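In: I'll drop the sequence and a predicted model, then ask my questions.
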Amino acid sequence: MYPGSLNELIESFKYLPGIGEKTAERMAFAILEMDSEKVENFSSSIMDAKNNIHRCPICNSLTDKEKCLICSDDTRGNTLCVVEDPKSVFLFEKLGLFKGKYHVLKGLISPLDGVNPEDIELEKLIDRVKKEEFQELILAFKPSIEGETTSLYIKRILGDMNLSITKIASGIPMGADMEYIDAMTLERALMDRKNVE
């Protein structure tokens, strides 16, 4: 029922997670109401992000520089927080409590889904821990079977190093995605971290 280009715009918005038909329609009509300059800025910001954002070669987080701001900061401490995706880095940074460094895996180990240790680039983490002198490794994964499996695997392969391996406390509900956890719960979980058994 819509003109072809409007229908195409609606379908494009539906590529985004959590966007259904009605929301996609509202977004498309909002674009039509914008002036041309705003639409131009919107369009170019999407292309700029797509073309310029890449993984940091050190920690695997997202950056538009040679290496990310955190890896470029010499004042960060010698604690390494390991997370499953770049969104988790930004969540912790918004809290402003953690002053160490991060390492981003490419997901979590999940044998049922065919995701093995080599698929999440654990070798890169191991190499980094061997090269840099970290005193503590914080495993900050969502509380799930995959998170627990990944934690235990990392503890097994790095357990003989002179390194304290902790994980964030279970103030976070089982199966919850990190991005939906409120700041207070996340802060408490970080403060109450414990050794991986």
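Out: Structure received.
In: just wondering, since we're on Cys68, how far is it from Asp127?
Out: Cys68 sits 18 Å away from Asp127, going by Cβ to Cβ, to the nearest Å. Any C-beta I mention is one placed from the backbone N, CA and C, and that applies to glycine too.
In: These two: which has the busier surroundings?
Out: Neighbours per residue, other Cβ atoms under 10 Å: of Cys68 and Asp127, the larger number sits with Cys68, 24 against 11.
In: Identify the residues contacting the residue lying closest to that one once chain neighbours are set aside.
Out: Excluding the flanking residues, the one nearest Cys68 by Cβ to Cβ, 6 or more residues apart in numbering is Cys56, at 4.0 Å. Contact analysis of Cys56 by Cβ atoms under 8 Å, 6 or more residues apart in numbering lists Leu62, Thr63, Lys67, Cys68, Cys71.
In: same question, Ile157
Out: Leu122, Ile126.
In: and it, helix, strand or coil?
Out: What DSSP: H, G, I helix; E, B strand; the rest coil gives for Ile157 is helix.
In: Secondary structure element holding Ile138?
Out: strand 136-139 (DSSP states H and E).
In: Tell me the strands beside that strand, with direction?
Out: Counting by DSSP bridges, the strands paired with strand 136-139 are strand 79-83 (parallel), strand 164-167 (parallel).
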